[in-house]
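# Here's a sequence, model it:
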Amino acid sequence: MESKQYVEDIDFQKYWLILKRRWLPATMVFLLSIGVAVGVAYTRQPIYEAGGKLLLQKKNKTSALVTKAGEKIGELDSLNAFINTPLDTEAQVITSLPLIQKTIERLNLKTENGSPIKPENLLGRLTVKGLKGTDVMTVSVKSQKPKEAAAIVNKLMEVYLENNIQTNRSEAVAARKFIERQLPKTESTVRQAEAALRRFKEENNIVAIEEEAKSAVQAMAELDSKLSQTKSNLEDATARSIAIQNQLNLNENEAVALNSLSQSRAVQQILVDIEQIEAQLTVQRTRYQEEHPIIQNLKRREDAQKSLLQERISKVLGTGEILPTENLQIGDLKESMTKDLVKAEVERLGFVRQAAYLERAKLAYQQRANLLPRLQEGLRDFERQLGAAQSTYEILLRNYQDVRIAENQNVGNADILARALVPEDPVSPKKKLILGGGIIAGSLLYIIVAFVLDLMDPSIKTAKEVRQLFRYTWLGMIPNLRKKGLLSRRKSDGDIPQLPVRDAPHAIVSEAYRMLEANLKFLSPDKMLKVIVVTSSVSREGKSTVSANLAAAMAQLGRKVLLIDADMRHPIQHHIWDLANAMGLSEVIVNHAEFKDAVREVTDNLDVLPSGAIPPNSLALLNSKRMAFLVDDFAKTYDFVIFDTPPLVLTADAITLGKMTDGILLVSRPGVIDRVSASASNEFLVRSGQQVLGLVVNGVRIENEPDSYFHHAKIYYKGEEISGKLKQDNRIKNLSKF
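Numbering: from 1, shown residues only. This next block holds a predicted model:
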């Protein structure tokens, strides 16, 4: 299912009509607004404005040239550079109460009664702002006295410069005092860092740790080379020693001992003596028995020599080891080999000790090398602490000298770029601007008043709105051509409606009634309308005027028409036709008079039956059988019968008669009918089941209906209407609204 889109167009014509309808009160408000603007523009005293300019520098150039600390003292900067600027901060400084009060005191500014002016009063006339894209700030003051305005600006700028210098000095003093408090603490920190570094070097035997690390690596490389060579020599000496031991069938201890004994003359002498005794013993045994004293004496001498030999061996070897005497005597070859074995063994032992020493030296270097990174890290920590303390101390010491110099400087961040001159022309009141503002304000008030009054007015304003509200068949639109002027007024209820169909047959309004008659004629082609009821929602909508002129238009076409005034509460048809109302419809219904005696012929083919005497209960008469009989009789006698009835929302007369007739013709007038009454009458018609023939919009103003065809009709009938007016009575000038 497709969704419908409702587009609400902006009806500019409707808005323009609202402005036209409410032109009188809106114009009064507009003129009042302009009058107020004129009064303000020409009654206010002239105001003069004097202005000066200050040049602000982010850094104090003079201080920056003298000292580095001066670069920061008095520097203009903002905490939030994205929102505000240093100029905003300085503007607040200039407008601060202390500076304003000091300016007032120096100029001795007083009010008219002689009392010093309040700072708030001066602040209200003071304007301080920065020029966009520059470092220039403008200071301006408004006053009724031009000389006073210039004096205030110049004095305020001077006071600000003094305050700026004093502020910079105070910053330097504060910086000096801070540094004086920090210098002893920083110096103590430096000394503590130096002592800690010295203790660390002493405890870890550090002189030059970088060079020590390099030399340790080089030494370990050399030790590795020497250790490799020593191990190679050790293997060679061990191989030679093993080979000689195998040849001599001696181990290394025996070979060493034998070599030592062969070198001892005392041992060798005893060995010679023992050999001689053994030789004698061998000879004597050939001669004597073992028990022979000579043999026994030789044995005792042999044993004594052997015992002495063992003692000397022990002395030579330093041990109590007993060696066989047969090995103590060796040949030259064996002696040479024994010496080689001893030499090889000595070399082997030397290489073993050398290798062990090299291993211990390498291990010591390795342990030191492994410790060096941690020592180096600790050393860097101590050096870093010392460097930071020394750097802080040097900065504080240097800045201390700088701030002492900056403290004695007499400079600031601002200079007077242009002093204020005495203004010659006032800046306010700006008459053209005020008058223009008054016109604009008046125009806005004109629109607001017009729309507010239109919203407060519940009446329906245009024929278009009437047709949209009732949604009945539109049968005719009766224009109101009377001009609206400043002195024009609405007709009261006692005014008599006019008959333009009779008095101005060539007027546009007359043709409108004829158009209505034609639309009624062709409304029901199958059944000709005979009897209709003309009514409206409320009074003063022109139902009586429409009834009378419609009847006249039908009579002019040759149809026999009866116009009945059925409004027995406020009858008016007898006034329209200038008739007596002594006898009429009420008398005919109650049979107090005959119809032929009560009816009056006003023009050719047109009879009018006045209402007659006002009864106590008109609804009872209209709802009677006698009335129904009369309606049928009127329909047989006349070609067309029109009942002029009271309004729908006030009485039930029209609804009662509507059931007896062919239908109801509803008259509505813009500007009189309101939405509540229209809704009520519409609901009454629906509930009662009335046959509503159609809608006639009466009293339509052509200028309020831009979509009306009367714009063209007015041009078409213009010539004939002028000639017709010259021939008609003066009553044509005031055409009816009813």
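# Downstream of the top helix by length along the chain, the next helix or strand is which one?
Ranked by residue count and defined by DSSP state H, the top helix of the chain is helix 332-407. Sequence-wise, the next helix or strand downstream of helix 332-407 (DSSP states H and E) is strand 414-418.
# For the very next helix or strand once past that following strand, name the packing helices and strands.
Counting by DSSP H and E, the element after strand 414-418 in chain order, helix or strand, is helix 431-456. Contact here means 3 or more Cβ pairs under 8 Å, 6 or more residues apart in numbering; DSSP states H and E; on that basis helix 431-456 packs against helix 12-21, helix 23-43. Quick note: C-beta positions are derived from backbone N, CA and C, even for glycine.
# Are we agreed that residue 498 is in a helix?
No. When DSSP: H, G, I helix; E, B strand; the rest coil is applied, residue 498 is found to be coil, with no helix at that position.
# So that it lines up with my notes, have the first residue be 19 from now on.
In the new numbering, first residue 19, that becomes residue 516.
# Give me the pLDDT for it.
Predicted confidence (pLDDT) for residue 516: 86.
# ok, how many other residues are close to it?
Taking other Cβ atoms under 10 Å as the criterion, the count of residues near residue 516 is 23.
# quick one: it and residue 560 touch, right?
No. Using Cβ atoms under 8 Å, residue 516 is not in contact with residue 560; the gap is 10.7 Å.
# so who does residue 683 touch?
By Cβ atoms under 8 Å, 6 or more residues apart in numbering, the contact list for residue 683 reads 493, 538, 550, 551, 552, 553, 564, 711, 712, 714.
# Turn those into CSV, columns for secondary structure.
Compiled in CSV, the contacts of residue 683 are given as follows (three-state DSSP):
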residue, secondary structure
493, strand
538, helix
550, strand
551, strand
552, strand
553, strand
564, helix
711, strand
712, strand
714, strand
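# Of those residues, which pair is most distant in space?
In terms of Cβ to Cβ, the contacts of residue 683 reach their longest pairwise distance at 538 and 553, which sit 15.0 Å apart.
# In terms of neighbours, single out the busier of the two.
Each of residue 538 and residue 553 has its neighbours counted (other Cβ under 10 Å); residue 553 has more, 30 against 22.
# so what are the domain limits for this structure?
Residue ranges for the domains of the chain, per automatic domain parsing: 37-196+426-436, 230-399, 478-502+510-751.
# The ones you listed: which one's closest to residue 471?
In this view, the domains of the chain are compared for proximity to residue 471 by Cβ to Cβ, and domain 37-196+426-436 is the closest at 4.8 Å.
# now the closest one, how far from the centre of its chain.
Relative to the mean C-alpha coordinate of its chain, domain 37-196+426-436 is positioned 31 Å out (Cα atoms, centre = their mean, to the nearest Å).
# now do stretch 430-447
Between the mean C-alpha location of stretch 430-447 and the chain-wide mean there is a distance of 38 Å, by Cα atoms, centre = their mean.
# What residues sit buried inside it?
By neighbour count on 16 or more other Cβ atoms under 10 Å, the buried set for stretch 430-447 is 430, 431, 432, 434, 435, 438, 441, 444, 447.
# What is the nearest of those to residue 290?
Minimum distance to residue 290 across the buried residues of stretch 430-447 is 121.0 Å, recorded for residue 431 (Cβ to Cβ).
# circling back: tell me which of the domains of the chain sits most buried.
Comparing the domains of the chain by mean neighbour count (mean count of other Cβ atoms under 10 Å), domain 478-502+510-751 ranks first with a mean of 19.
# so how far is that one from its chain's centroid?
The offset between the C-alpha centroid of domain 478-502+510-751 and the centroid of the whole chain comes to 67 Å, using Cα atoms, centre = their mean.
# For residue 197, give me its contacts.
For residue 197, counting by Cβ under 8 Å, 6+ apart, the contacting residues are 414, 417, 418, 421.
# Look up the pLDDT of residue 240 for me, please.
Per-residue confidence for residue 240 comes out at a pLDDT of 80.
# gap between it and residue 234?
Relative to residue 234, residue 240 is positioned 11 Å away (criterion: Cβ to Cβ, to the nearest Å).
# Next: residue 714.
In this structure, residue 714 and residue 234 are separated by 125 Å, where distance is defined by Cβ to Cβ.
# do the same with residue 182
Applying Cβ to Cβ, the value for residue 182 to residue 234 is 65 Å.
# What are the boundaries of the helices in the stretch 19-168 of the chain?
30-39, 41-61, 79-84, 104-112, 115-125, 137-143, 164-221 (DSSP state H, counting those that start in this stretch).
# Is it possible to get those out as a markdown table so that each row also shows distance to residue 229 and mean pLDDT?
Below are the helices of the stretch 19-168 of the chain laid out as a markdown table (distance: least, Cβ to Cβ, whole Å; pLDDT from 0 to 100):
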| stretch | distance to residue 229 | mean pLDDT |
| --- | --- | --- |
| helix 30-39 | 98 | 72 |
| helix 41-61 | 94 | 83 |
| helix 79-84 | 45 | 44 |
| helix 104-112 | 55 | 84 |
| helix 115-125 | 67 | 89 |
| helix 137-143 | 74 | 87 |
| helix 164-221 | 14 | 83 |
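# so which of those gets nearest residue 720?
The nearest among the helices of the stretch 19-168 of the chain, by Cβ to Cβ, is helix 30-39 at 11.8 Å.
# Now do that closest one against helix 449-474, angle only.
Counting by axes from the mean of the first three to the mean of the last three Cα atoms, to 10 degrees, helix 30-39 lies at 100 degrees to helix 449-474.
# helix, strand or coil for the most far-flung residue of the chain relative to its centre?
Computed with Cα atoms, centre = their mean, the residue of the chain farthest from its C-alpha average is residue 305, at 145.7 Å. With three-state DSSP as the basis, residue 305 sits in coil.
# which residues touch stretch 405-415?
Identification of contacts with stretch 405-415 by Cβ under 8 Å, 6+ apart yields 197, 200, 201, 204, 205, 207, 208, 210, 211.
# Mind doing that once more with 6 Å?
The set of residues external to stretch 405-415 that reach it, using Cβ atoms under 6 Å, 6 or more residues apart in numbering, is 197, 200, 201, 204, 205, 207, 208, 211.
# and what of stretch 635-645?
Contact with stretch 635-645 is made by 586, 607, 633, 670, 671, 674, 675, as judged by Cβ under 6 Å, 6+ apart.
# Just the CA atoms of stretch 485-497, as CSV, please.
Taking Å, rounded to 0.1, in the frame of the first residue of the first chain, the C-alpha atoms of stretch 485-497 are listed here in CSV:
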residue,chain,number,x,y,z
ARG,A,485,-16.4,26.7,1.4
GLN,A,486,-13.7,24.4,3.0
LEU,A,487,-15.6,24.4,6.3
PHE,A,488,-19.1,23.6,5.1
ARG,A,489,-18.3,21.6,1.9
TYR,A,490,-21.8,22.0,0.5
THR,A,491,-22.5,22.7,-3.2
TRP,A,492,-21.3,26.3,-3.9
LEU,A,493,-24.2,28.1,-5.6
GLY,A,494,-23.2,31.7,-5.5
MET,A,495,-20.8,34.3,-4.3
ILE,A,496,-22.3,37.8,-3.5
PRO,A,497,-19.7,40.5,-3.6
